[in-house]
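Asks: Give me a 3D structure for the following:
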Amino acid sequence: MSPAHSPKTPEPDAGAASTPASAPAPVDAASKHAGAKKVIYAALVANFAIAISKFVAAAFTGSAAMLAEGVHSLVDTGNEYLLLVGIGRSQRAPDEWHPFGYGKTLYFWALIVAASVFSLGGGVSIYHGITSMLHPKPLEDPTWNYIVLGVAALFEGYSWHVSKVELVARKHPEESLWQVVRRSKDPSVFTVFIEDSAALTGIAIAALGIWLGHILNNPYIDPAASILIGVVLLAAAVVLGRETGSLLVGESADRAMVQQLRKIISSDPAVEKIGHLLTMQMGPNDILLVAEVQFRGDLAVDTVELAVCRLESAIKAQYPPIRHIYFGSTGFRRTAS
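Replies: Predicted coordinates:
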């Protein structure tokens, strides 16, 4: 017995019944997309307004940390736009060249976001901090810096809260937010949460660096804060890259889901034995399932056909994101999507 292989244009075996094309996106998937877009729009507007205010403050005060923060906010603004592009392109209908759809497009753009946070965010902040330490500028009145950082904290805090609420809505009772991020298959939400968390940390570092620099009359503390902000952004980028990269190369569905799928299939009276259950996340709300199932040997093909249809209905009823199901069995192979 071997699992069914799924070529780009799968065709059922002779005599096997076929099912309709991929099921339409369920209502909860649409609401998740709406929630993700709300998170991104809130972050985009907030980061754009913050970036402008930070650059103005940096121009008046000459603060390296403030300039680093401005670059950070501008990069975040561009990142939110890239996530919107990813969401839009991932919702395109399947075609001949992409029969499983374009769901992984979102993972690609989320990985680009991680790379931009690493290079344009962290890299530029560290570079500017080092050059400012080599050629420190005289300290100036920090009042504007404090005002802008305070306003930025309010905007970033609101955006962070919106993303946190969306994550909390998706968590299990026993999970922490970090566990939700690790389990989440939707980078459009956890990317904003991680970015905003890094942004709030950066604001705190910038404020502390500016304050200590003036209290101690030391022009090197402010550039050092810029370097530290860059390190925070590099750490955030590494986390984002790891999470989105895993999804892009073919991450499986949740372990709890796989265990439940095994229970659903094994509970059917026509099933004698279950082999491998292979799953792949094709998008935030699109899962591929390949099940190696041995049906009872005394059953007629028609009876097995009915069992397969029954299993598909049970699986999709409990897990609507599973849109493509492939069964492989000794003496009987059926492909359904």
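
Asks: For the rest of this, base every contact and every neighbour count on C-alpha atoms.
Replies: OK.

Asks: Just the buried residues of the longest helix along the chain, please?
Replies: Longest helix of the chain, by residue count under DSSP state H: helix 27-61. Neighbour-count burial for helix 27-61, with 16 or more other CA atoms under 10 Å as criterion, is recorded at 29, 32-33, 35-44, 46-58, 61.

Asks: Check the secondary structure at the residue of the chain most remote from its centre for me.
Replies: Each residue of the chain has a distance to the centre, and by CA atoms, centre = their mean the biggest one is for D298: 46.5 Å. Classification of D298 using DSSP: H, G, I helix; E, B strand; the rest coil returns coil.

Asks: Roughly how far does it sit from S266?
Replies: 17 Å (CA to CA, to the nearest Å).

Asks: For the closest residue to R170 other than its chain neighbours, grab the count of nearby residues.
Replies: Spatial nearest neighbour of R170, chain neighbours left out: V180 (7.5 Å); criterion: CA to CA, 6 or more residues apart in numbering. V180 has 16 neighbouring residues, counting by other CA atoms under 10 Å.

Asks: residues in contact with V180?
Replies: The contact partners of V180, taken as CA atoms under 8 Å, 6 or more residues apart in numbering, are 167, 170-172.

Asks: again with S63
Replies: Applying CA under 8 Å, 6+ apart, the residues near S63 are 145, 210, 222-223.

Asks: could I get those residues as TSV with neighbour count?
Replies: Shown next, in TSV, are the contacts of S63 (neighbours: other CA atoms under 10 Å):
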residue	neighbour count
N145	25
I210	25
D222	30
P223	33
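
Asks: Please list all residues in contact with S188.
Replies: 36-37, 40, 83, 87, 106, 110.

Asks: Specify which member of those is nearest to I205.
Replies: Distance to I205 across the contacts of S188 (CA to CA) is lowest for I40, with 24.5 Å.

Asks: pLDDT weak spots in the stretch 1-150 of the chain?
Replies: 1-33 (pLDDT under 70).

Asks: same thing but at 90, please
Replies: Counting by pLDDT under 90, the stretch 1-150 of the chain shows low-confidence ranges at 1-43, 45-47, 49-80, 86-96, 98-101, 103, 114-125, 127-129, 131-149.

Asks: where do the helices sit along it?
Replies: 27-61, 64-90, 105-116, 124-134, 143-170 (DSSP state H, counting those that start in this stretch).

Asks: can you tell me which of the ones you listed comes nearest to L200?
Replies: helix 143-170 (6.4 Å).

Asks: Distance from the chain centre to that closest one, please.
Replies: 20 Å (CA atoms, centre = their mean, to the nearest Å).

Asks: what does stretch 256-274 give?
Replies: Its chain's C-alpha centre and that of stretch 256-274 lie 29 Å apart, by CA atoms, centre = their mean.

Asks: Quick one: residues in contact with that stretch.
Replies: So stretch 256-274 is contacted by 277, 279, 291-296, 299, 304, 307, 311, 314-315 (CA under 8 Å, 6+ apart).
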